[in-house]
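1. What follows is a predicted structure for the sequence shown.
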Amino acid sequence: MEIIVSKIDRTSSEFVERKKVYEELILKWRSHLKRTTDRGNEPAMIKHIERGKLPVRRRITLLTDPGTPFLELSSLAAIGQYNNSFPSAGIITGIGIIHGKPVVIVANDATVKGGTYVKETVKKHIRAQEIAMQNHLPCIYLVDSGGIFLPEQAELFPDRNHFGRIFFNQAQMSAAGIPQISIVMGSCTAGGAYVPAMSDQTIMVQNQGTIFIGGPPLVKAATGEDVTAEELGGADVHTSISGVADHLAADDADALRICRSIFETMPPVIPSYPEGSIGQVLEQSEPEDPLYSSDDLYGIAPIDLKKPIEVYEIIARLTDGSKFQEFKENYGTTIITGFAKLNGYPIGIIANNGFLTSEASLKAAHFIELCNFRKIPLVFLQNITGFVVGKKYEHEGIARNGAKLIHSVATSTVPKFTVVIGGSYGAGNYAMSGRAYDPHFLFMWPNARIGVMGGEQASSVLSNIRQEKSSTNASTLVEQFEEQSTALYSTSRIWDDGIIDPTETRKILALTLTLSLYKKWKSPQAGIYRM
């Protein structure tokens, strides 16, 4: 593969100014993170600790192997909603390492409205289970929850992907042989009682954990019986009488120790990949660091999405040795396709370099077919305003050719990873493996934007349709679109798996790529043909 020769001048005024602007953006994003995760002085947290309970992120630290990373997902879920009273949507999810085995962790935060669920909490919980199923990873639930947040029950209870889907997923995971362990560290009420009841093994903390279908107030109302929470469904009851739980723990730390000991006896996940998985056929070579500093990305990342960027410069800071074997270099040049290595593993890269044209669509569809047959995972770098428009392009069949690309993305059989590095607009979002196309993981840079179109375009379109020229209406619409297209707005609603620092992109892609190698590979349904 050829080495990408960087042409960036780090001393140029443009680079220096862009880097300065981006660093300010990073500081703003980190301040949001700090306010969300650093809540030690809040009354609910102080009360939680006084009860002898550990903060949720401290629990995760003790559960995972010392010194190993924890990839937290959707840290800023629900930000800007509910008067910011549900930091991280009241639940921490992510991927950690226990005795060398990668695991998905789902941990309720009881300091956030008693660990109750709003719609973002449910969505985040279900998303974590999807990751466990997609990558065949064990799942650990740190349960400390009051169940559904009752004022929001109409948004949480009856629909397909509402609260009940959590238990449906647990049954599906069990049938697929995916281990599930629950640690009951607090309340576990009503439907939430099924999380530990449907797990392979359950640990309960004495005098803290409770499991019951109906709590003492409901029992009193229904039967007239007076009973304490501990008498009704405490740890002693469920480990010695009902058999709902399997292990009795003295406190949080003891429960986490027991969970770690359970993983000591589990079959190894690494490096034995399941029969028929991509990991069995994808050979890893010796990893190489990129030739250029990832810090350069602050001066390269798009700030003004109307201006083109040098996408090769971004690729050069992600791939092993900054090497890239381009596919169809001189055809459909508004999209860049080619092969590279990441952490020693081969990958296919599809990166935007302008509008999606018919030629670019056909080129990318052809490339996806190659990757499917060669069992090579795909990385999409999104910075797309959409498909090209106009009479000429419609007559040339842009809809037909664009549909071929969308079809190829939707039916791709290899793991897909999407990073929104700039704009993600219209059908371009779909063609570049947006959330609706089930990428294994989707992350956004802090500068990223996502929407059906930009605010100015939307205002212009509606003005033409209505034949209105109201500057007030136009201004309001532009402001609405601008707010609803930000990375913060997206991550609050869990349209992505989190906002990441551009300098961490290579490391995060390497981790998630390794996890995806447990995925069973399906043979493509048709041969490779030129579009």
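-> Good, I have the coordinates.

2. all helices for the stretch 151-300 of the chain, in order.
-> 164-175, 194-197, 216-223, 229-233, 235-240, 252-264, 297-300 (DSSP state H, counting those that start in this stretch).

3. deepest of those, which one?
-> helix 297-300 (a mean of 22; mean count of other Cβ atoms under 10 Å). (Each C-beta comes from the backbone N, C-alpha and C, glycine too.)

4. low-confidence ranges in the stretch 201-350 of the chain?
-> Segments of the stretch 201-350 of the chain classed as low confidence (criterion: pLDDT under 70) are 268-272, 274.

5. Mind doing that once more with 80?
-> Within the stretch 201-350 of the chain, the stretches with pLDDT under 80 are 267-281.

6. And for the stretch 401-531 of the chain?
-> 453-478, 518-531.

7. rerun that using 90 as the cut-off
-> 452-483, 517-531 (pLDDT under 90).

8. Quick check: longest helix in this structure by residues?
-> With secondary structure taken from DSSP state H, the chain has its longest helix at helix 13-37.

9. packing partners for it?
-> Using 3 or more Cβ pairs under 8 Å, 6 or more residues apart in numbering; DSSP states H and E as the contact test, the elements touching helix 13-37 are helix 297-300.

10. which strands and helices sit next to the helix it packs on?
-> Identification of packing neighbours for helix 297-300 by 3+ Cβ pairs under 8 Å, 6+ apart yields helix 13-37, helix 311-316.

11. Of all those helices, which one comes closest to Asn447?
-> Among the helices and strands packed on helix 297-300, helix 13-37 comes nearest to Asn447, with 6.0 Å by Cβ to Cβ.

12. quick one: average pLDDT of that closest one?
-> Average pLDDT, helix 13-37: 96.

13. Give me the buried stretch members for it, please.
-> Across helix 13-37, burial judged by 16 or more other Cβ atoms under 10 Å covers 15, 18-19, 21-22, 25-26, 29, 32, 36-37.

14. With just CA atoms, put the helix or strand following the longest helix of the chain into PDB.
-> Sequence order places helix 43-50 as the next helix or strand after helix 13-37, per DSSP states H and E. Extracted as PDB, the C-alpha positions of helix 43-50 are listed here (Å, rounded to 0.1, in the frame of the first residue of the first chain):
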ATOM      1  CA  PRO A  43     -27.400  15.800  47.700                       C
ATOM      2  CA  ALA A  44     -28.600  12.500  46.000                       C
ATOM      3  CA  MET A  45     -25.000  11.400  45.600                       C
ATOM      4  CA  ILE A  46     -24.100  12.200  49.200                       C
ATOM      5  CA  LYS A  47     -27.100  10.300  50.500                       C
ATOM      6  CA  HIS A  48     -26.300   7.400  48.200                       C
ATOM      7  CA  ILE A  49     -22.700   7.100  49.700                       C
ATOM      8  CA  GLU A  50     -24.000   7.500  53.300                       C
END
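
15. What is the distance between helix 43-50 and the centre of its chain?
-> Remark: helix 43-50 is offset 29 Å from the chain centroid, using Cα atoms, centre = their mean, to the nearest Å.

16. tell me what the helix or strand following that helix is packed against?
-> Later in the chain than helix 43-50, the nearest helix or strand by DSSP H and E is helix 56-63. Secondary-structure packing of helix 56-63 (3+ Cβ pairs under 8 Å, 6+ apart): strand 91-98, strand 101-108, strand 139-145, helix 252-264.

17. now for whichever helix or strand comes after helix 56-63, which elements pack on it?
-> Counting by DSSP H and E, the element after helix 56-63 in chain order, helix or strand, is strand 71-73. Here strand 71-73 touches strand 91-98, helix 119-135, helix 505-516, going by 3+ Cβ pairs under 8 Å, 6+ apart.

18. CSV please, covering those and showing distance to Thr413 and mean neighbour count.
-> Formatted as CSV, these follow (distance: least, Cβ to Cβ, whole Å; neighbours: other Cβ atoms under 10 Å):
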stretch, distance to Thr413, mean neighbour count
strand 91-98, 23, 24
helix 119-135, 13, 22
helix 505-516, 12, 20
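
19. follow-up on the earlier one: distance to Asn343 for the helices and strands packed on helix 297-300 - can I get that in a markdown table?
-> A markdown table is the format used below for the helices and strands packed on helix 297-300 (distance: least, Cβ to Cβ, whole Å):
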| stretch | distance to Asn343 |
| --- | --- |
| helix 13-37 | 24 |
| helix 311-316 | 15 |
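
20. Nearest to Ala154, out of those?
-> Short answer: helix 13-37, nearest of those by Cβ to Cβ, at 26.5 Å.

21. That closest one versus strand 91-98: what angle between them?
-> 100 degrees (axes from the mean of the first three to the mean of the last three Cα atoms, to 10 degrees).

22. hang on, the earlier thing: can you redo the helices and strands packed on strand 71-73 as a markdown table with distance to Gly146?
-> Shown next, in a markdown table, are the helices and strands packed on strand 71-73 (distance: least, Cβ to Cβ, whole Å):
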| stretch | distance to Gly146 |
| --- | --- |
| strand 91-98 | 12 |
| helix 119-135 | 11 |
| helix 505-516 | 32 |
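
23. Identify whichever of those lies nearest to Val311.
-> helix 505-516 (13.4 Å).

24. Run through who's touching the closest one.
-> Defining contact as Cβ atoms under 8 Å, 6 or more residues apart in numbering, one finds that helix 505-516 is touched by 69, 71, 95, 102, 134-135, 137, 278, 290, 294, 297, 317-318, 342-343, 345, 347, 377, 379, 415, 417, 419, 440-441, 443, 445, 500.

25. correct me, but Ser433 touches Pro415?
-> No. When contacts are counted by Cβ atoms under 8 Å, Ser433 is not listed as touching Pro415 (10.6 Å).

26. Mutual contacts of the two, please.
-> Common neighbours of Ser433 and Pro415 (Cβ under 8 Å, 6+ apart) are Leu378.

27. and Ser285, how many neighbours?
-> Here the number of neighbours of Ser285 (other Cβ atoms under 10 Å) works out to 11.

28. nope, Ile499 is what I meant
-> Other residues close to Ile499 by other Cβ under 10 Å number 23.

29. same thing with Ile336?
-> 26.

30. for it, what are its contacts?
-> By Cβ under 8 Å, 6+ apart, the residues touching Ile336 are 311-312, 315, 326, 349-353.

31. now do 10 Å
-> Residues near Ile336 by Cβ atoms under 10 Å, 6 or more residues apart in numbering: 311-312, 314-315, 324, 326-329, 349-354, 360, 363-364, 367, 381.

32. Glu326: what secondary structure?
-> strand (DSSP: H, G, I helix; E, B strand; the rest coil).

33. The contacts of Ile336, buried ones only, as a PyMOL selection?
-> Buried subset of those, written as a PyMOL selection, criterion 16+ other Cβ under 10 Å:
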select buried, resi 311+312+314+315+324+326+327+328+349+350+351+352+353+354+360+363+364+367+381
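
34. just to revisit the earlier point, buried subset of the contacts of helix 505-516?
-> 71, 95, 102, 134-135, 137, 278, 290, 294, 297, 317-318, 342-343, 345, 347, 377, 379, 415, 417, 419, 440-441, 443, 445, 500.

35. Go through the helices and strands packed on strand 71-73 and name the closest to Ser490.
-> Of the helices and strands packed on strand 71-73, nearest to Ser490 by Cβ to Cβ is helix 119-135, at 12.2 Å.

36. Tell me which other helices or strands the closest one touches.
-> Here helix 119-135 touches strand 71-73, strand 91-98, strand 101-108, strand 139-145, helix 164-175, strand 441-444, helix 505-516, going by 3 or more Cβ pairs under 10 Å, 6 or more residues apart in numbering; DSSP states H and E.

37. 8 Å instead?
-> So helix 119-135, by 3+ Cβ pairs under 8 Å, 6+ apart, packs with strand 71-73, strand 91-98, strand 101-108, strand 139-145, helix 164-175, helix 505-516.

38. export those to a markdown table and tack on distance to Val56?
-> Formatted as a markdown table, the helices and strands packed on helix 119-135 follow (distance: least, Cβ to Cβ, whole Å):
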| stretch | distance to Val56 |
| --- | --- |
| strand 71-73 | 11 |
| strand 91-98 | 5 |
| strand 101-108 | 5 |
| strand 139-145 | 7 |
| helix 164-175 | 18 |
| helix 505-516 | 22 |
